[in-house]
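Model the following, please.
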Amino acid sequence: MTDLDELLKGYRRLEKREDLAGVVDDPTAIRLLAAWRRQVPTWRMSRATQPTELGLLWIWIWAGVRYDREALAIAAKVNESTAELYLRSCVSARIVYPDGSISKPAERLIAAHVKNRFPGTRRGRPPGVKDSNKRTRTPATKLEGE
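The predicted structure is shown next:
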């Protein structure tokens, strides 16, 4: 049996920022990417012969993916048909993976989007949230004889 992780390794090595061109300025697409990370899809290898060409292999892999369409749509705050349309676009751009993960550039996009939503905050915390690891400064002690 073919291991899904092994199949995805080659695609992960090909990730690039340019793959995000279709989603970078689209808040709905960014919400869908975030929602996809919370999915727990299942995968079954297709009965069809496994292709060797990367483009056809990608389609073959996705043919065996099952996920909760309703949960994805709810998490992305869109209807199911819109969620399906955006997911297909992300699959086509190879920025979502059939194991429920997303590409590294997509992860960075989400992180930057969240950080920009809370400008002027430290470490991405919303205003008013205190740092639980606050450091306290102790006064310097003088050495005897100074």
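
show me what contacts the spatially most central residue of the chain?
In the chain, the residue lying closest to the centroid (CA atoms, centre = their mean) is I102, at 3.7 Å. By CB atoms under 8 Å, 6 or more residues apart in numbering, the contact set of I102 is L33, W36, R37, C90, I95, V96, I110. No exception for glycine: its C-beta is placed from N, CA and C like everyone else's.

and the first one, how many neighbours does it have?
Counted by other CB atoms under 10 Å, the residues lying close to L33 total 25.

check contacts around it.
Contacts of L33 by CB under 8 Å, 6+ apart are V23, C90, I95, V96, I102, A106, L109, I110.

and it, that one's in a strand?
No. Going by DSSP: H, G, I helix; E, B strand; the rest coil, the assignment for L33 is helix, not a strand.

ok, now how distant is it from P51?
27 Å (CB to CB, to the nearest Å).

just the last one next, same as before
Distance, I110 to P51, by CB to CB: 31 Å.

next one: the second one
Applying CB to CB, one obtains 24 Å for the distance of W36 from P51.

Equivalent analysis for the third one, please.
To P51, R37 is 27 Å away according to CB to CB.

How many neighbouring residues does A83 have?
A83 has 24 neighbouring residues, counting by other CB under 10 Å.

T82 now?
Close neighbours of T82, defined as other CB under 10 Å, add up to 14.

low pLDDT regions in this structure?
Applying pLDDT under 70 to the chain flags residues 1-2, 120-146.

mind running it again at 80?
1-2, 118-146 (pLDDT under 80).

if you go through it in chain order, where are the helices?
4-13, 27-36, 54-63, 69-76, 80-92, 104-117 (DSSP state H).

still on that earlier bit, quick one, which of W36 and P51 is more surrounded?
The neighbour count for W36 versus P51, taken as other CB under 10 Å, is higher for W36 (25 against 14).

Quick check: the nearest residue to that one once chain neighbours are set aside vs E15, distance?
Leaving out its chain neighbours, the residue that sits closest to W36 by CB to CB, 6 or more residues apart in numbering is V96, at 5.1 Å. Separation of V96 from E15 (CB to CB) stands at 11 Å.

same check, this time on K115
21 Å.

So which of the two has more stuff around it?
More neighbours surround E15 than the other of K115 and E15, with 16 against 12 (other CB under 10 Å).
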